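K.L.:
sequence unknown, structure follows:
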Ligand SMILES: [Zn+2]
Ligand SMILES: [Zn+2]
């Protein structure tokens with residue numbers, strides 16, 4: 001269904017057929033409209049306080065748009081630029097406004113001749129996903145999950161008939177997974193990542209596959225299965241190399257940084273450094289403050305592992321500064337913990353405790369249980385060393401309580417998981433076990449999960 005073509009003035013012709021969903025399309029190659037929006041937004045970002053950017057920009061852009069659909073699309077392009085620059089607070093503000101605009105489409109179906117309910121539902125879904133993404137960038141996982149779920153429910157009725165709707169649902173599962181990973185619900189995260197990968201394979205959407213593999217890598221790194229973490233991180237970079245020439249460079253840099261982290265954890269320090277440096281170079285070229293922050297954190301970690309404390313500390317400090325600036329609480333927390341580990345290394349125990357306390361506060365605020373658990377574990381050891389047995393006992397107790405909350409006990413040997421580098425295996429019901437326990441377990445010969453007694457309904461997809 002084609003709606004009438006408008007004379008666009010400053011912007012390209014946009015109709016509900018050609019409207020670009022910002023979630024599905026991040027190509028910035030040879031795109032004049034994007035360039036124009038980006039240049040204009042850059043001016044507003046340079047001359048306005050962060051909280052005023054949205055209103056000033058919207059006022060100016062509205063004048064150039066002939067209809068609300070154009071304005072809605074301009075928001076999508078502007079958010080792409082904001083994301084690329086690491087302006088996460090503005091991204092979130094823009095996404096909230098874009099949802100309002102799309103809800104206007106839903107309410108007034110005759111806003112455009114020919115704009116049917118399927119298309120307006122898709123615009124609403126795309127806007128919700130931007131909001132999920134905005135919240136995710138700010139480590140607000142509950143909100144992020146909420147809007148990804150809202151997106152899925154909007155898509156529910158139109159999914160069967162519309163290709164864009166199917167693809168969007170794949171991204172909604174991805175954001176839901178990443179939110180769940182944020183608050184350490186590993187089973188839910190795995191289930192949604194598998195759904196997302198299924199959509200990616202069915203629709204041959206390599207970009208979605210790249211993102212999902214990257215998130216899967218992050219999931220296994222958090223569970224300390226470094227082998228699987230490396231496998232998926234390498235895979236996401238391979239996909240990027242094969243098909244990503246037209247994708248935004250941010251996609252490349254985030255997959256690179258994920259791989260650098262994976263390499264560092266298995267001791268491939270030199271490789272991690274090379275990739276980190278390349279990522280940093282691109283992040284600086286693009287003025288991407290968020291990726292600069294993560295690259296800086298990567299260098300700080302590498303220098304810490306090399307026992308080069310003098311190089312490490314200033315890099316942690318500038319990573320913290322950048323994370324604060326972009327509103328990335330998760331990244332800020334990781335920089336704080338890195339600093340704590342560094343002080344531990346130099347036997348500056350009081351400073352280490354201080355940093356761990358600061359990290360703990362953020363972990364609890366954003367609901368990141370696994371980091372919270374690791375901090376309790378580190379503090380227990382530290383207090384023991386300082387002969388503070390009472391405090392050590394309290395920390396150990398909290399550590400175990402969190403292990404239980406996250407169900408990080410292997411259902412076969414009853415030993416904890418995610419404590420040290422160990423290979424894990426997830427059954428199709430998404431219960432995790434030690435790989436070595438799954439390999440020699442009798443119940444599994446009857447294809448039954450030892451944790452939930454479910455027979456796997458599908459083949460393991462991994
Ligand atoms: Zn086990
Ligand atoms: Zn199970």
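P.N.:
That came in fine, so what should we check first? Here the structure is a predicted model, which means the values were calculated and not measured. Ligands and ions are numbered 1, 2, ... in the order given.

K.L.:
the residue of the stretch 251-400 of the chain found nearest ligand 1: neighbouring residues, count only.
P.N.:
Closest approach between the stretch 251-400 of the chain and ligand 1, counting by Cβ to the ion: residue 400, at 16.7 Å. For every residue, glycine as well, the C-beta is placed using N, CA and C. Neighbourhood size, residue 400 [other Cβ atoms under 10 Å]: 16.

K.L.:
and what about it, helix, strand or coil?
P.N.:
When classified by DSSP: H, G, I helix; E, B strand; the rest coil, residue 400 comes out as helix.

K.L.:
go on, the one 4 residues further on?
P.N.:
Reduced to three states with three-state DSSP, the structure at residue 404 is helix.

K.L.:
quick one: the residue of the stretch 251-400 of the chain closest to ligand 1 and residue 352, what's the gap?
P.N.:
22 Å (Cβ to Cβ, to the nearest Å).

K.L.:
just residue 159 next, same as before
P.N.:
Separation of residue 159 from residue 352 (Cβ to Cβ) stands at 50 Å.

K.L.:
from residue 394, how far off is the residue of the stretch 251-400 of the chain closest to ligand 1?
P.N.:
With Cβ to Cβ as the criterion, residue 400 and residue 394 are 11 Å apart.

K.L.:
circling back: so which of residue 159 and residue 352 has more stuff around it?
P.N.:
Between residue 159 and residue 352, residue 352 has the larger neighbour count (other Cβ under 10 Å), namely 21 against 17.

K.L.:
nearest residue to the more buried one other than its sequence neighbours?
P.N.:
residue 343 (3.8 Å; Cβ to Cβ, 6 or more residues apart in numbering).

K.L.:
likewise for residue 378?
P.N.:
For residue 378, the closest residue by Cβ to Cβ, 6+ apart turns out to be residue 356, at 6.2 Å.

K.L.:
could you say which helix or strand holds the one you found?
P.N.:
Using DSSP states H and E, the element containing residue 356 is helix 349-366.

K.L.:
for that helix, enumerate the helices and strands it packs against.
P.N.:
helix 329-345, helix 369-385 (3 or more Cβ pairs under 8 Å, 6 or more residues apart in numbering; DSSP states H and E).

K.L.:
Serialize the ones you listed to TSV and add fields for mean neighbour count.
P.N.:
As requested, these are arranged in TSV below (neighbours: other Cβ atoms under 10 Å):
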stretch	mean neighbour count
helix 329-345	22
helix 369-385	20
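
K.L.:
ligand 2: which of those helices is closest?
P.N.:
Going by Cβ to the ion, the one of the helices and strands packed on helix 349-366 nearest ligand 2 is helix 369-385, 20.1 Å.

K.L.:
what's the angle from the closest one to helix 349-366?
P.N.:
Angle, helix 369-385 to helix 349-366, by axes from the mean of the first three to the mean of the last three Cα atoms, to 10 degrees: 160 degrees.

K.L.:
what separates helix 369-385 from the chain centre, distance-wise?
P.N.:
Centroid separation between helix 369-385 and its chain, computed with Cα atoms, centre = their mean, to the nearest Å, is 25 Å.

K.L.:
so which bits of the stretch 351-462 of the chain are right by ligand 2?
P.N.:
Proximity of the stretch 351-462 of the chain to ligand 2 (Cβ under 5 Å from the ion) is limited to residues 429, 431, 449, 451-452.

K.L.:
give me the buried subset of those.
P.N.:
The neighbour count (16 or more other Cβ atoms under 10 Å) marks 429, 431, 449, 451 as buried among these.

K.L.:
nearest to ligand 1: which residue in the stretch 101-250 of the chain?
P.N.:
For the stretch 101-250 of the chain, Cβ to the ion, closest residue to ligand 1: residue 225, 12.5 Å.

K.L.:
ok, that residue - contacts?
P.N.:
By Cβ atoms under 8 Å, 6 or more residues apart in numbering, the contact set of residue 225 is 421-424.

K.L.:
enumerate the residues of the protein near ligand 2.
P.N.:
429, 431, 449, 451-452.

K.L.:
what's the most distant pair in those residues?
P.N.:
429 and 451 (7.5 Å; Cβ to Cβ).

K.L.:
contact partners for the residue nearest the centre of the chain?
P.N.:
In the chain, the residue lying closest to the centroid (Cα atoms, centre = their mean) is residue 178, at 5.2 Å. With contact taken as Cβ under 8 Å, 6+ apart, residue 178 is in contact with 136, 144, 189, 215.

K.L.:
can you pull the pLDDT of it?
P.N.:
Among the per-residue scores, residue 178 holds a pLDDT of 98.

K.L.:
and for the one 10 residues further on?
P.N.:
Looking at residue 188, its pLDDT is 97.

K.L.:
count of residues packed around it?
P.N.:
Neighbour number of residue 188 under other Cβ under 10 Å is 17.

K.L.:
doesn't it lie inside a helix?
P.N.:
Yes - assignment of residue 188 by three-state DSSP places it within a helix.

K.L.:
outline the domain layout of the chain.
P.N.:
As assigned by automatic domain parsing, the chain contains the domains 328-399, 409-462.

K.L.:
how far off centre is the last one?
P.N.:
What it means is domain 409-462. In terms of Cα atoms, centre = their mean, the centre of domain 409-462 is found 26 Å from the chain centre.

K.L.:
is any residue of it near ligand 1?
P.N.:
Yes - Domain 409-462 reaches ligand 1 (Cβ under 5 Å from the ion) through 410, 412-413, 434, 437.

K.L.:
tell me the buried residues within those.
P.N.:
In these, the ones that pass as buried (16+ other Cβ under 10 Å) are 410, 412, 434, 437.

K.L.:
any chance of the residues you listed in a markdown table with distance to residue 34 and secondary structure as columns?
P.N.:
Formatted as a markdown table, these follow (distance: Cβ to Cβ, whole Å; DSSP: H, G, I helix; E, B strand; the rest coil):
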| residue | distance to residue 34 | secondary structure |
| --- | --- | --- |
| 410 | 49 | coil |
| 412 | 52 | coil |
| 434 | 48 | strand |
| 437 | 51 | helix |
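
K.L.:
fine, thanks again, bye for now.
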